[in-house]
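# Attaching a predicted model along with its sequence, questions to come.
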Amino acid sequence: MKKELSIEYAHIYTSNHIGEEQKLSLKILKDFFEEHKGKSTSLVVMVDDYSFPDSSFDYGAFVQWLRGHGFQPDVIIRESQLIPACDEVLKLITGEKLKAQIIDYTKTKKYPCSLFVATWYLLRLGYIVDPIFNPELVGERLLNILPTSFAPFEKKAFEIIKNTQYGEAIERVENKYFEGRLVA
């Protein structure tokens, strides 16, 4: 049975330490829970180990910090774990121009953030399935608590989703942005 809401919070890069962005995210999450008591939720955290990889990132300390603030995640996903699912989403894109742009980008650089985001959302909503994500954590709706600096990537992710058979999924996604420091 789906949860009413899948909430992403405390997004972090492995090259960073716990900072203002994660603290602000927890404050928004706490306020949300006070306003929406009783909703069935899954708490999910994305750790970006792909854009700025750093093998010294201490996942245990991060989870302990989250737990210590009262918000233990149901799952932490490393962005790199999404690569096989990203390949599946790429196959779903119907807009040939957009698909070609993304394929060209992945050949010359890396997988774009927007493709990871689109994949993450489709996975959390249950439109696609991958062994890394427990189906019991799927939500009817998504709430993403993110720094404002992420907005351009979110917009591009929505464009990707719109260009799949799951275009209506974007109506089930809400992003709560906050002003935070810029991403490294």
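Yep, it's here. Numbering: from 1, shown residues only.
# Downstream of the longest helix seen in the chain, the next helix or strand is which one?
If you go by DSSP state H, the chain has its longest helix at helix 20-35. On the C-terminal side of helix 20-35, the nearest following helix or strand under DSSP states H and E is strand 41-48.
# quick check: angle from the helix or strand following that next one to helix 20-35?
Sequence-wise, the next helix or strand downstream of strand 41-48 (DSSP H and E) is helix 59-68. Relative orientation of helix 59-68 and helix 20-35, computed by axes from the mean of the first three to the mean of the last three C-alpha atoms, to 10 degrees: 40 degrees.
# How much space separates Ala85 from Val63?
23 Å (C-beta to C-beta, to the nearest Å). Every residue, glycine included, has its C-beta placed from N, CA and C.
# So between the two, which is more surrounded?
Shown here are Ala85 and Val63; by other C-beta atoms under 10 Å, Ala85 has more neighbours (22 against 14).
# Report the contact partners of Asn175.
Residues in contact with Asn175 (C-beta atoms under 8 Å, 6 or more residues apart in numbering) are Leu143, Asn144, Leu146, Phe150, Ala151, Glu154.
# What remains of these if I keep only buried residues?
Among the contacts of Asn175, those scoring as buried are Leu143, Asn144, Leu146, Phe150, Glu154 (criterion: 16 or more other C-beta atoms under 10 Å).
# what pLDDT does the fourth one get?
We have a pLDDT of 93 for Phe150.
# In this structure it contacts Phe178, no?
No - Phe150 lies out of contact with Phe178 (C-beta atoms under 8 Å); the separation is 10.1 Å.
# which residues do these two both contact?
Contact criterion C-beta under 8 Å, 6+ apart; residues shared by Phe150 and Phe178: none found.
# Give me the pLDDT for His36.
82.
# And Ile102, by the same measure?
At Ile102, pLDDT is 94.
# Could you give the number of residues near it?
Neighbour count of Ile102, defined by other C-beta under 10 Å: 23.
# ok, now Val47?
Neighbours around Val47, by other C-beta under 10 Å: 19.
# which residues does it form a beta bridge with?
The residues paired with Val47 through beta bridges, assigned by DSSP bridges, are Ile12, Arg78.
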